[in-house]
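J.: Mind folding the following:
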Amino acid sequence: MLEIIIQQFQQSNYDFRETANPQDPFIHLFNQWVNSYRLKWAIAHTLKPASILEIGVQFGYSATALLSGNPHARYVGIELDSQVSDSNDAINWAKKITQPFNAVVFSWRFSDGKTLTRWRL
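T.: The predicted structure follows:
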């Protein structure tokens, strides 16, 4: 299986920068990240998971890589709502770029985990 993933990685031209946010404060690192997201694409493309859960969505680059590799997967992404404008910009971007897929991206305002009795999607 690993050989197939590596082969898919080497043959892929997936480039997360096509859907990346031009206002991302880490834009200067994008060139270094291309292979990481291409590998995520190759893993999803090869394994074809029915569903994907991601905790820590940020701008949605991993979500889009995984869903581009396997567009039929159901994706749920959870991001902590830190009430910081950069965080809100990131989650809004993630929602925007995952719209073409079967994806649910939401932020969760965490106040006190001890009072959490039930969680519904």
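J.: From residue 92, how far out is residue 43?
T.: Distance of residue 43 to residue 92, computed by Cβ to Cβ, to the nearest Å: 26 Å. Bear in mind the C-beta positions are built from the backbone N, C-alpha and C, glycine included.
J.: between the two, which one's more packed in?
T.: residue 43 (20 against 14; other Cβ atoms under 10 Å).
J.: Is it correct that the more buried one is in contact with residue 5?
T.: Yes: the pair residue 43 / residue 5 is scored as a contact, 5.7 Å apart, by Cβ atoms under 8 Å.
J.: List the buried residues for stretch 12-25?
T.: Neighbour counts using 16 or more other Cβ atoms under 10 Å place 14, 16, 19-21, 24 of stretch 12-25 among the buried residues.
J.: Relative to the whole chain's centre, how far out is it?
T.: Put simply, stretch 12-25 sits 12 Å off its chain's centre (Cα atoms, centre = their mean, to the nearest Å).
J.: pLDDT averaged over it, what's the number?
T.: Averaged across stretch 12-25, the pLDDT comes to 97.
J.: what sits up against it?
T.: Contacts with stretch 12-25, where a contact means Cβ atoms under 8 Å, 6 or more residues apart in numbering, come from 27, 30, 33-34, 37-38, 41-42, 45, 59-61, 64-65, 68-69, 86, 89-90, 93, 97.
J.: Need phi/psi at residue 78.
T.: Per-residue torsions, residue 78: phi -120, psi 130 (degrees, to the nearest 10).
J.: hey, C-alpha coordinates of stretch 48-68 in PDB?
T.: The C-alpha coordinates for stretch 48-68 follow below in PDB (Å, rounded to 0.1, in the frame of the first residue of the first chain):
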ATOM      1  CA  LYS A  48     -10.400   6.300  -0.400                       C
ATOM      2  CA  PRO A  49     -11.800   6.700   3.100                       C
ATOM      3  CA  ALA A  50     -15.600   6.900   3.400                       C
ATOM      4  CA  SER A  51     -15.300   9.700   6.000                       C
ATOM      5  CA  ILE A  52     -12.600  12.000   7.400                       C
ATOM      6  CA  LEU A  53     -12.600  13.800  10.700                       C
ATOM      7  CA  GLU A  54     -10.100  16.700  11.200                       C
ATOM      8  CA  ILE A  55      -9.600  18.600  14.400                       C
ATOM      9  CA  GLY A  56      -7.800  21.800  13.800                       C
ATOM     10  CA  VAL A  57      -8.900  23.000  10.300                       C
ATOM     11  CA  GLN A  58      -7.400  26.500  10.200                       C
ATOM     12  CA  PHE A  59      -7.500  27.600   6.500                       C
ATOM     13  CA  GLY A  60      -8.700  24.200   5.200                       C
ATOM     14  CA  TYR A  61      -5.700  23.300   3.200                       C
ATOM     15  CA  SER A  62      -5.500  19.700   4.500                       C
ATOM     16  CA  ALA A  63      -9.300  19.300   4.100                       C
ATOM     17  CA  THR A  64      -9.100  20.400   0.500                       C
ATOM     18  CA  ALA A  65      -6.100  18.100  -0.200                       C
ATOM     19  CA  LEU A  66      -7.900  15.100   1.300                       C
ATOM     20  CA  LEU A  67     -11.200  15.900  -0.400                       C
ATOM     21  CA  SER A  68      -9.500  16.500  -3.800                       C
END
